[in-house]
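*Asks:* Sequence plus predicted model, see below.
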Amino acid sequence: MAGANTTVTGLKDVYYAVMTNDDETGGATYSTPVKLGHAISMDIQPQTESATLYGDNMAIATKTKLKEITVTIETSDIPLKDRAIMLGHTADSTTGKVTVKGDDKATYVAILFAATTAEDTTQYYKFFKGKFAPSQQQIETEGEGINWQTPTMEGTFIARSSDGKIYEMIDSTESGAATLIENWFKTV
């Protein structure tokens, strides 16, 4: 998905923003984007549905629909307070303690990031409406060598109710991109 037609050489600036509204009358609104730790990797897996129409003993039409996109992010850090916000856990603002309950409900968020390319350009992405789920975490003792254990989170992104958008992107070389890029990580 990211860089599908371009050779991507890097990933930087992973942000999230909480979706505060998504309906046809009020549109989609979000909190101010918050940067997660340093970007390490991102896996983007589109889920599609295809169907072929047959007539006169041959295929006469085909249609493919993008249903959802699974996004797995890995960063150097996902602070507990941000993880709590994204996963619907309770965070005590005084002590910093996070409490996880069985009936916690993740909130819809947007994910924003930038991918650098082999052509020395940058592609900017915004995935608009997704929920992340608790992910597997492996913790090992420190041995003779250093073994980094970085956090990952996996989310599923769907179309917004207000306008049907799943994501948008822009390349830094496009005319008119400068103004959009200047504010890319400030608002959704």
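*Replies:* Arrived safely.

*Asks:* what residues are up against the residue nearest the centre of the chain?
*Replies:* Most central in the chain under C-alpha atoms, centre = their mean is Ile111, positioned 3.7 Å from the mean C-alpha point. By C-beta atoms under 8 Å, 6 or more residues apart in numbering, Ile111 lies in contact with 14-16, 71, 73, 125-127, 130, 155, 157. Every residue, glycine included, has its C-beta placed from N, CA and C.

*Asks:* Can you tell me which of the residues you listed has the most neighbours?
*Replies:* The most crowded member of the contacts of Ile111 is Tyr16, carrying 27 neighbours; neighbours defined as other C-beta atoms under 10 Å.

*Asks:* between the contacts of Ile111, which is nearest Asp163?
*Replies:* Lowest distance from Asp163 to the contacts of Ile111 (C-beta to C-beta) belongs to Lys126, with 12.9 Å.

*Asks:* can you confirm the closest one is in a strand?
*Replies:* Yes: membership of Lys126 in a strand is supported by DSSP: H, G, I helix; E, B strand; the rest coil.

*Asks:* pLDDT score assigned to the residue of the chain positioned farthest from its centre?
*Replies:* In the chain, the residue that sits farthest from the middle, by C-alpha atoms, centre = their mean, is Asp56; the gap is 43.8 Å. pLDDT for Asp56: 97.

*Asks:* all numbers from here: first residue = 55
*Replies:* OK, 55 is where the count begins now, so the last one is Asp110.

*Asks:* Look up how far Ser104 lies from it.
*Replies:* Noted for Asp110: a distance of 21 Å to Ser104, by C-beta to C-beta, to the nearest Å.

*Asks:* Then Ile165?
*Replies:* Applying C-beta to C-beta, the value for Ile165 to Ser104 is 26 Å.

*Asks:* other SSEs contacting the lowest-mean-pLDDT helix or strand in the chain?
*Replies:* Taking mean pLDDT, DSSP states H and E as the measure, the chain has helix 231-236 as its least confident helix or strand, at a mean of 92. Where contact means 3 or more C-beta pairs under 8 Å, 6 or more residues apart in numbering; DSSP states H and E, helix 231-236 is packed against strand 176-187, strand 221-225.

*Asks:* Of these, which is nearest Gly64?
*Replies:* Closest to Gly64 of those, according to C-beta to C-beta: strand 176-187, at 8.8 Å.

*Asks:* Now do whatever helix or strand comes next after the closest one: which elements does it pack against?
*Replies:* The first helix or strand that comes after strand 176-187 along the chain, using DSSP states H and E, is strand 206-211. If contacts are counted by 3+ C-beta pairs under 8 Å, 6+ apart, strand 206-211 sits against strand 112-129, strand 163-171, strand 176-187.

*Asks:* With distance to Thr63 added, can I get those in CSV?
*Replies:* Below are the helices and strands packed on strand 206-211 laid out as CSV (distance: least, C-beta to C-beta, whole Å):
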stretch, distance to Thr63
strand 112-129, 17
strand 163-171, 5
strand 176-187, 10
